[in-house]
Each structure stands twice: as C-alpha cells, then as structure tokens.
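K.L.:
Make a model of this:
(2 chains)
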Amino acid sequence: MSATPSGIEVPVVATRDAASDPGAPGVYPFTRGIFADGYRGRPWTIRQYSGFGSAEASNQRYRFLLEQGQTGLSVALDLPTQCGYDPDDPMARPEVGKVGVSLFSLSEMETLFEGIDLGAISTSFTINGTAAIIYAMYLAAADKQGVPRAKLTGTIQNDILKEYVARGTWIFPVRPSMRLIADSVLYANEVTPRFNAISIAGAHVRDAGCTAVEEMAYTLANGLAYVDELIRRGGDVARFARRLSFFFYVHMDLFEEACKFRAGRRLWAKLLRERYGVTDEKALHFRFGVVCGGSSLVAAQPYNNVVRVAIENLAAVLGGAQSIFTCAYDEAFQIPTEFSAELALRTQQIVQHESGVAATVDPLGGSYYVEWLTDRMEEGMRAVMGEIDAYGGVVKAIEDGWLQRRIAVRAKEKKDATDRGERVVVGMNRYRREGEAQSFGEVFRLDPGTAARVLAKHAEVKRTRDAARATRALDALEAAAADDRENLMPLLVECCHSYATVGEMVERLKRRWGEFQEPVQL
Amino acid sequence: MSALAPGPLAGKRILVAKPGLDGHDAGAKVIALALRDAGAEVIYTGLRKSPAFIVRVALDEDVAAVGLSILSGSHQELAGEVLEGLRAAGAGDISVFVGGTIPPQDRDALLAAGVKGVFTNDTPLEQMIGELARALA
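P.N.:
Okay, the predicted model is just below:
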C-alpha cells in the first residue's frame, strides 16, 4: 500500500524536514485542537444515534441508554417526518416508524421525552428538510416541561446543501431552504444560545463514496455558503460562527482520518480569518461530531465490524472530536438490537477509560508523518474548494447537479476498486471462506403494530386539538413565508404549540415556495 | 441517457428506480452507471417516486427490467406494490430486481413474491450484470 484512500502518496519513512510545526493546542490555527487541555477539561460526548417506531418505544430505548451511562441523546426520525409528510400520506405509509421515530406533531415529542428533563440533557436531531420545524417543536416541548429555553443544549443537523448532494431529504428549492436555515440559526443565537442550530455535515457525501479530502472540502464549502447567507440576512459572523458545528464520518485509514480533522480544523479557522476577518477565538473554533462505521461496515462476517469501529473510534479521538457515535456491528443490514447497541457504547467507554488515549492533548502532534499528512490534506482540500469556486460556487454546483455527478462517479470508482480487490475488505473480498454460512446474531424486528398505532394517534391529535388555533397559526406561517425579511421561527413555534402537524406546515410552505426539482444526470 | 456500447446487456432497456422516501442514491447511481457500461439503455427515475409512478414509467419506456433501490427497510411493501402494479397492467413479464439494505432473512420472501434477484452492497457488479443478462436472455 503506497497511497492513502484519498490518493496521497505515502512516504516509506517520514522525516523531520518534511514535517511542519503544528504550534500549540488551543492556539490559532488550532491544528492540535481547540482546547489547551484537550479531553482533560471535557471528555467527548458519547452520543449514540437511535430511535425507531413509536415515540413510546424510543422513549424506552433512550431511558435504557441514559441508565447505561450515555451522555447525550441522538434522535433518529422516520422518513415521513424528515421529508415533511404526515403518516397518513400515501407516500408515507410504508415508511412510518421505520428508520426512526415518527414525530408528526408536538404530542409525539412530549411522549418521546417523557420522564427525561430537557434542561439536563443535550439532544441531537438528525433532521434537515424539516429541521426548523423540529427545532420549533423542541422549544415547544421545553415550554411544556417548564424548562427555560436558554437552558437547552443540543444540535439540529439543519444542513440542507448536503441533502441535495447525498442524503436526499430535501423538500423546497435551494434558496428558500437557505432562508429557513438562516431563520433558525439567527433565532437560536438569541433564544437558545447554548444550542447548535446547524451541524454542517460531510458524513453523507463521504458515505456516498467521496474521499476524506473531498468530504472535508465539500463541507467547508457548504459552511462558507451558510456564512454568506447568514451575513446577507444581517447576522454577525463573530457571533453566529461560535454556534456553527460540523459532522463527519470516520472510515478505516487511521492516520488519514485523524489528519483530516487536524487539517479541516486549521483550514476552517484560516478561512474565517482570511475571508471575513474573524478574530474572536471562539468563533474560529471548529467543533465537530463524528460517526464511526457506515459504509465501512459490511454484512460479511459482521462481527469484524466491532474491530473496525474501535479503530475508527481511536481515529476520531486522535483527531479531537467533540462527540462520537459508534455504529453497531449490525448497522450494515438492520436496526441495531439492544445487544449490539450496548456493545457499540461499550467500545467508546473502553477507548475513553481504558486506552489512555485521552490522557494528553493531541498525542500524535509532532509526528513527522502526521504533520506531513496534515499539510498534504489541507492542500488537497484547498484544491477541491478551488474547483468548486471555479465552477461558480456550491449552490450553482448543486442546482446544476455537477456535485451530485462527481460523487456518483467516485462511488462507482470505489465499488470497482472493491470488486477488483484493490480496496481490501477483510471477510468480504479477502479471506472470505467459501460456502461460509453468514452469522448475523440476533435479528431486530420492528413491532408490526407501530404504523397502525402512529396513525391512530395522528387521527386523535387532529380530532382533539383546538382546530381554530391550528388554522390561525398555519395561515400566519403561510403569509410570512412570502417575505424573507421576516423570521419564521416564532410562527413555527406557535404552529407546534397548536398541534399543527409537520405535514400541514410543510404543505403551507410548499404553496409559497414549490418543491426542489432534482437534476438527474448520470 | 442512452448507450450503444456492446456488452452483456446490449439492447436492453432497464429502469433504475428509487421508490418511497429513502434518499440514499449512491447505490442506484452506481448500478445505473454499471448497467450503462454493460451496454444497457438506462432510465433513472431520481428520488422519491411512488410505486404507481414507477409502474407507469416502466410501461411507457417499454423496459425489460426494473431495478428498485431501497435502503429504508420498506423493501417488502414497496417491491410488492411495484410487482402488483406491473401484473395488474398486464406487464408481469417485466423482471423486477431489488437492491439495498436487505437483511438476509428477507431475501427469500422477496424472491417468493416474484422478485427475480436481490443484491446488496457486497454483490460484485460483474455478478449482478451476469445474473441480469441470464434473466433477460
């Protein structure tokens, strides 16, 4: 092996003269981390992604995870909630409660967090197309619990640009979607100063097939597009940049992954300083969460995935992640069972408490190879960002389908390299025993009555709510959608309090904004 | 999108479709590119299509096969609806294949329902092309 998965030629031996000085941790440009004391001051947050079926079932799983020592919640939502359909919509019916929990209205959010103090935990929602609505619902749920909004901590993903490129839960065209993001981020700055109203994510383009260098470059390019939009809407970059956060995948090349974070952290700080003149230290901090696993996990010999996730977990820690999600070994083919979910949690706890890797700040700092590779990756990221700029920026690249096509071509290259055995996956294309009966351990089965129960609850909520209040709230939302000088967040919060449904809110916004027309080019 | 390249699927028209709400399209696009490389004329629907829409496109485009890409766990329902729709339209001879996150224990049920082949992300593309070529011969 002579090149990293990003195609960087690796020297046989790295030498002192090839490596630059990384400076000190906690000091610009933060190559060695944003905090002078690393994980000594604050360990990373262990944040396992879970949620399925009904709000009641997910509530049980959350309580179990919190009792087991998990320190933050991460909510998986079902596709109808993510794409803005009510559970009774014909498009939604087969997907209700499948890949996450159905949160069609505030009623479900209240059930989801029953017995869990929203003032005492931090909650992350993987939500994009309907992120502003789910954030509004979280505020309404806190109001109902009597928790002051200023106490809330957590994250909504709220990164629509990458949805057009890789994850596909877009609803509206690009420009009104950018407005909704600006509305939520600016509102969050005022109302929930400890809440991250956006988590700019490279994870999904990475899992779709692009390289580590491209993952970071696309993500930072999207980040700059949001910064521009927020400034256009009157935001103060030195202030809102403190609440921007990022999210990535960690795949298997240990050093490339660790260096990806070191290079990205440094590059983001430099870009904010170079392009916008930001000097506020906290605003320059590149804070990120990661997920270990995804498409690096395979169904063949699935227990091997436990080992992969442990290595990826180490890479994330060596790169200085603020929060980590370790996938369960069976994530490649099903929703994790309670057993596999607990094993993934224990993996992190072993790395955190037994491996000693978090005892000193940036233990890789100063390694000839690591500093050399960090420099090469930063150069590569700048080059990819330059190509996007030359094309006309990310928004244009996405509207035209240019970026989507680049990723599809990369995905095909990766698949071909795997099929040819050039990219080795142990147990799948190397060391696979012929005729081997695949063992999958325990099988997760979603309660088959879930959809029916969600549908019954949906009908009941619509029957028992104050219909006049819901209609008034929805009318006000639709009217305000026409003028982007108005912030939609207070109107969305009122819609949630009135038990208007996600589908109803989205329908009203579609009337004003239309829907995204996907450019399909291969 | 059309291709005249010679190959094991030369002259075959194939629809690659994303039914339901699942937005993970890397797999569907990789398959579309691979089918085209194998000589097929490929039509890709884009995301979030209803089974009824997919059936209509399959008929309008007079395809020999439909490949459904599903990673949300709703494969049983969605593939079932497409199969039923094709049969109801008198087009039960159009072969349906399914790819995506399909737990091994669900494979037999899909085949029993009339699906001609089930592929996951570790199926080599060459093997998939071979199976299609045999099924469509």
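
K.L.:
Please list the residues of chain B that sit near chain A.
P.N.:
B:1, B:20-27, B:29-30, B:32-34, B:36, B:42, B:44-48, B:50, B:72-74, B:77-78, B:81, B:101-105, B:120-122, B:124-126 (Cβ under 8 Å from any Cβ of the partner chain). Quick note: C-beta positions are derived from backbone N, CA and C, even for glycine.

K.L.:
Select only the buried ones of the residues you listed in ChimeraX?
P.N.:
Applying 16 or more other Cβ atoms under 10 Å in any protein chain shown to the residues of chain B next to chain A, the buried members can be selected in ChimeraX as follows:
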select /B:20,21,22,23,24,25,26,27,29,30,32,33,34,36,42,44,45,47,48,50,72,73,74,77,78,81,101,102,103,120,121,122,124,125
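
K.L.:
Can you pull out the low-pLDDT segments for chain A?
P.N.:
By pLDDT under 70, the weakly predicted segments of chain A are A:1, A:51, A:435-445.

K.L.:
Return the subset of the residues of chain B next to chain A lying in strands.
P.N.:
If you go by DSSP state E, those have B:V42, B:Y44 in strands.

K.L.:
Just the residues of chain B next to chain A: which are in helices?
P.N.:
The helices, defined by DSSP state H, take in B:26-27, B:29-30, B:32-34, B:36, B:77-78, B:81, B:104-105, B:125-126 from those.

K.L.:
give me the low-pLDDT residue ranges for chain B?
P.N.:
Low-confidence segments of chain B (pLDDT under 70): B:1-5.

K.L.:
Residue in it with the shortest distance to chain A?
P.N.:
Relative to chain A, the nearest point of chain B is B:G23 (1.8 Å; Cβ to the nearest Cβ).

K.L.:
Apart from its neighbours in sequence, what residue is nearest that residue?
P.N.:
A:G168 (1.8 Å; Cβ to Cβ, 6 or more residues apart in numbering or on different chains).

K.L.:
hmm, back to that, looking at the ones in helices among the residues of chain B next to chain A, spot the one nearest A:D466.
P.N.:
Among these, B:E77 lies closest to A:D466 (Cβ to Cβ), at 35.0 Å.

K.L.:
Could you measure from the spatially closest residue to the closest one that is not a sequence neighbour over to A:E515?
P.N.:
Among residues not flanking B:E77 along the chain, A:P94 sits closest, at 3.9 Å (Cβ to Cβ, 6+ apart). To A:E515, A:P94 is 20 Å away according to Cβ to Cβ, to the nearest Å.

K.L.:
what about A:R485, how many neighbours?
P.N.:
7 (other Cβ atoms under 10 Å in any protein chain shown).

K.L.:
picking that back up, max pairwise distance over the ones in helices among the residues of chain B next to chain A: which two?
P.N.:
Spanning the widest gap among those are B:R36 and B:Q105, at 32.4 Å by Cβ to Cβ.

K.L.:
Excluding covalently adjacent residues, which one is nearest to A:A197?
P.N.:
A:A188 (3.5 Å).

K.L.:
Let me know whether the one you found touches A:A182 as I believe.
P.N.:
No. If you go by Cβ atoms under 8 Å, A:A188 and A:A182 don't touch, sitting 10.8 Å apart.

K.L.:
Next up, phi/psi of A:L244, please.
P.N.:
Main-chain torsions, A:L244, degrees, to the nearest 10: phi -80, psi 140.

K.L.:
where's it relative to chain B, distance?
P.N.:
Distance, A:L244 to chain B, using Cβ to the nearest Cβ, to the nearest Å: 24 Å.
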